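> The sequence and its predicted three-dimensional model are supplied below.
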Amino acid sequence: MITTAPRTGTVSAFGQLLIGALLLGLAVWFWHLQGRPWPTMTRSRPAQWTALLGIIAFTAISAPALYSRRHKNVVSEHNPAGALWHVFHASQTGFALELAARTVSLLRGAGHAAALYPLNAFDGERFAESRCLFLVSTTGEGDPPDPALAFVQHAMRAPRALQGIEYGILALGDRSYAHYCAFGHALDRWLAASGAMPMFDLVEVDNAAAPALQAWQAHIAAQTHTEQQDAFARAPLQALALSERVHVNPGSASAAAFELNLAPVQPGIEWQAGDIAEIRIGPADADADIYREYSIASLPVEGRLSLLVRMMHTPDGKPGLGSGWLCQQTKPGDDIQLRIRRNPNFHTPDGDVPLILIGNGTGIAGLRAHLRARIGAKRHRNWVLFGERKRAHDRFYDRDLATWLNEGAIAHLDRVYSRDADSPHRYVQDALAANADRLRQWMDEGAVIMVCGSREGMAPGVDQVLRDTLGDAAVDALMADGRYRRDVY
Ligand SMILES: Cc1cc2nc3c(=O)[nH]c(=O)nc-3n(C[C@H](O)[C@H](O)[C@H](O)COP(=O)(O)O)c2cc1C
């Protein structure tokens, strides 16, 4: 939940007290003028009523000022530096957001006032003379997360006057990418160039590594003069048995894809469409702690946790670590250990807004969960655009999609196959461009767009069609408002 920092009123507490005192003085003066004790006061004496009204006005005007002074004292007792902490997050798949929320809890647990904001809410003026923490990830090839794109384009274009702000950065990344923690470092450079003062060196986190998370908590403890807490311990893993594994694209020109169903779903395991399964690769007693993340294709109400996993190979032809284990080594009945990562940026939109779901390949997994959630909520303004290679082999979730279309739970289903000569379009972006009028109409009606699948080819292709159809400013605004969300990899 996003909380906002307290705002200051237009009349100062001192001003309020002064006005109240003047009114009280007036009241006492009228009282003496009449020379009568209070009990003899009657309705026929207007001056006495004026005096009484004066006292009531004094109470009404002064009480908030007295309260707020008292309240301020309480805050500063816990917070010797007198600083309010502002914690900002920029997250693509939810991890930076989770850690930012935990950082706020840590600060509040230490008796400090702290509030949580998306990075887009950071403007220097409002946060002047305060302490700001930034928990940001890097995505794509060294890119900022989608929710921070507008901030990067506008606020970070040039240095600002941020003198007086003290800051700390937790940069999430993965060393296997060429541009390790690039966005965290870009933000650090911009803040420093703007005159903000680092409280400590940027902390890089490689793949959720525990020592870096502990280093961050040690910095918070030092800044708040408290004992270090271990508030960032990951949720425990849960074991779900593999009940079924189905090869869903036999004969395909693409790599083999498997639907994995894990059951039974324990009462304690909960997730929403858009959340991510962090799967621990290997048997429970494996030494190495290796994780792979997959979109979840089902909902708890279906009694199973479903994944759609593509078999990957390393350049020298060996099975990929995660997909090889899930698609080849495990057998039905084996336990798979996992935890759920909440990904609020990619949850099904609230309310009865139209929804445009665009994806390719195994990206259909995440989209299926959204469709299932929408249909459960009886929201049927769903437009699905899905792309694969060949109709004969690559019809993921064909039965579900056909049933939902027949029942009217999907308003439009545009499936395109890039290697079929008779496919009406080659790629999903072509199908979207061909339906530009419908796209504009749905967007005018408040539609949300969710894109899931390939980061290369599909995601930029769809983005270009959106920009050509709706304009750059509109697309940037949709992204900033959470009406254009992506889970691409
Ligand atoms: C598609 C994708 C691209 C990524 N690109 C980078 C990158 O260029 N540099 C990097 O350091 N980490 C990269 N990462 C790793 C993420 O930064 C890391 O997983 C981080 O913990 C995600 O945090 P978030 O859930 O808050 O977005 C990438 C991850 C994904 C899934």
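Noted; the coordinates are in hand.
> Give me the neighbour count for residue 261.
Residue 261 has 20 neighbours, counted by other C-beta atoms under 10 Å. All C-beta atoms are positioned from the backbone trio N, CA, C, and that covers glycine.
> Sorry, slip of the keys, the one I care about is residue 208.
Counted with other C-beta under 10 Å, residues neighbouring residue 208 total 17.
> Just list the residues touching it, thanks.
Counting by C-beta atoms under 8 Å, 6 or more residues apart in numbering, residue 208 touches 95, 172, 234, 291.
> out of the residues you listed, who's near the ligand?
Applying C-beta under 6 Å from any ligand atom to the contacts of residue 208, one finds that 95, 172 fall near the ligand.
> Could you identify which of the contacts of residue 208 has the most neighbours?
Ranked by neighbours (other C-beta under 10 Å), those are led by residue 172, which has 28 neighbours.
> Specify the beta-bridge partners of that one.
For residue 172, the beta-bridge partners are residue 137, residue 205 (DSSP bridges).
> What strand or helix carries residue 336?
Element membership for residue 336 (DSSP states H and E) is strand 335-341.
> Show me what the next helix or strand after that strand is packed against.
For strand 335-341, the succeeding helix or strand toward the C-terminus, using DSSP H and E, is strand 355-360. Applying 3 or more C-beta pairs under 8 Å, 6 or more residues apart in numbering; DSSP states H and E, we find strand 355-360 packed against helix 364-376, strand 382-388, helix 428-434, strand 448-453, helix 458-470.
> Parallel or antiparallel, list what pairs with strand 355-360.
Sheet pairing here is set by DSSP bridges, and for strand 355-360 it gives strand 382-388 (parallel), strand 448-453 (parallel).
> Measure how the first one sits relative to helix 458-470, angle-wise.
Between strand 382-388 and helix 458-470, the angle formed by their directions is 130 degrees, by axes from the mean of the first three to the mean of the last three C-alpha atoms, to 10 degrees.
> Residues touching the next helix or strand after strand 382-388, excluding its own?
Where DSSP H and E defines the elements, the next helix or strand beyond strand 382-388 is helix 398-406. Contacts with helix 398-406, where a contact means C-beta under 8 Å, 6+ apart, come from 368, 371-372, 375, 382, 384, 386, 410, 413, 415.
> Would you mark the buried spots in the next helix or strand after helix 398-406?
Downstream of helix 398-406, the next assigned helix or strand under DSSP H and E is strand 412-417. By neighbour count with 16 or more other C-beta atoms under 10 Å, strand 412-417 contains the buried residues 414-417.
> Next, the angle strand 355-360 makes with strand 412-417.
Computed by the same axes, to 10 degrees, the angle separating strand 412-417 from strand 355-360 equals 10 degrees.
> what is the mean pLDDT for strand 412-417?
Averaging pLDDT along strand 412-417 yields 98.
> got the CA coordinates for it in PDB?
This file holds the C-alpha atoms of strand 412-417, laid out as PDB (Å, rounded to 0.1, in the frame of the first residue of the first chain):
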ATOM      1  CA  HIS A 412     -12.100 -11.200 -29.600                       C
ATOM      2  CA  LEU A 413      -9.500 -13.900 -30.100                       C
ATOM      3  CA  ASP A 414      -6.800 -13.100 -32.700                       C
ATOM      4  CA  ARG A 415      -4.400 -16.000 -33.000                       C
ATOM      5  CA  VAL A 416      -1.600 -15.500 -35.600                       C
ATOM      6  CA  TYR A 417       1.000 -18.000 -36.800                       C
END
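> Relative to the ligand, which residue of the stretch 351-489 of the chain is the closest?
Nearest residue of the stretch 351-489 of the chain to the ligand: residue 489, at 4.2 Å (C-beta to the nearest ligand atom).
> Pick out the residue closest to the middle of this structure.
Note on the chain: the residue nearest the mean C-alpha position is residue 345, at 3.9 Å, using C-alpha atoms, centre = their mean.
> right, and it touches residue 137 too?
No. With contact defined as C-beta atoms under 8 Å, residue 345 does not count as touching residue 137 (11.2 Å).
> where do the contact lists of these two overlap?
Common contact partners of residue 345 and residue 137 (C-beta under 8 Å, 6+ apart): 91-93.
> Please list which of the residues you listed are also close to the ligand.
91-93.
> Counting neighbours, what do you get for the residue of the stretch 51-200 of the chain found nearest the ligand?
Going by C-beta to the nearest ligand atom, the ligand is nearest to residue 173 of the stretch 51-200 of the chain, at 2.4 Å. Per other C-beta under 10 Å, the neighbour tally for residue 173 reads 22.
> Which residues are in contact with it?
Applying C-beta under 8 Å, 6+ apart to residue 173 gives the contacts 137-138, 180-182, 184, 204-207.
> Now flag whichever of those is closest to residue 314.
Closest approach to residue 314 among these (C-beta to C-beta): residue 207, at 18.1 Å.
> For stretch 428-444, measure first residue to last.
21 Å (C-alpha to C-alpha, to the nearest Å).
> ok, and what's touching that stretch?
Taking C-beta under 8 Å, 6+ apart as the rule, stretch 428-444 contacts 354, 356, 358-360, 381, 383, 385-387, 412, 414, 416, 424-425, 458, 461-462, 464-466, 468-470, 474, 478.
> centre of the chain versus that stretch, how much separation?
Offset of stretch 428-444 from its chain centre (C-alpha atoms, centre = their mean, to the nearest Å): 27 Å.
> cool, stretch 349-360 as well?
Distance, centroid of stretch 349-360 to centroid of chain: 17 Å (C-alpha atoms, centre = their mean).
> How far off centre is stretch 87-101?
Counting by C-alpha atoms, centre = their mean, stretch 87-101 comes out at 6 Å from the chain centroid.
> Please apply the same query to stretch 212-229.
Relative to the chain's own centre, stretch 212-229 is displaced by 24 Å; criterion: C-alpha atoms, centre = their mean.
> now the end-to-end length of stretch 117-125.
15 Å.
> My error: substitute stretch 232-252 in the last question.
For stretch 232-252, the first-to-last residue distance is 43 Å (C-alpha to C-alpha).
> Can you give me the buried ones in it?
Residues of stretch 232-252 classed as buried: 232, 237-238, 240, 242, 245, 248-249, 252 (neighbour count, 16+ other C-beta under 10 Å).
> The residues you listed: which two are farthest apart?
Maximum pairwise distance in those, criterion C-beta to C-beta, is 41.7 Å, between 232 and 252.
> interface residues of this structure facing the ligand?
Within reach of the ligand by C-beta under 6 Å from any ligand atom, the chain has these residues: 91-96, 137-142, 145, 172-174, 177, 179-182, 208, 455, 489.
> Would you map the strands across the stretch 201-350 of the chain?
Assigned by DSSP state E, counting those that start in this stretch, the strands in the stretch 201-350 of the chain fall at 203-206, 238-247, 257-263, 276-280, 291-295, 305-310, 335-341.
> Mind putting the ones you listed into a markdown table with distance to residue 87 and mean pLDDT?
Shown next, in a markdown table, are the strands of the stretch 201-350 of the chain (distance: least, C-beta to C-beta, whole Å; pLDDT from 0 to 100):
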| stretch | distance to residue 87 | mean pLDDT |
| --- | --- | --- |
| strand 203-206 | 14 | 98 |
| strand 238-247 | 29 | 96 |
| strand 257-263 | 35 | 97 |
| strand 276-280 | 22 | 97 |
| strand 291-295 | 24 | 96 |
| strand 305-310 | 32 | 98 |
| strand 335-341 | 19 | 95 |
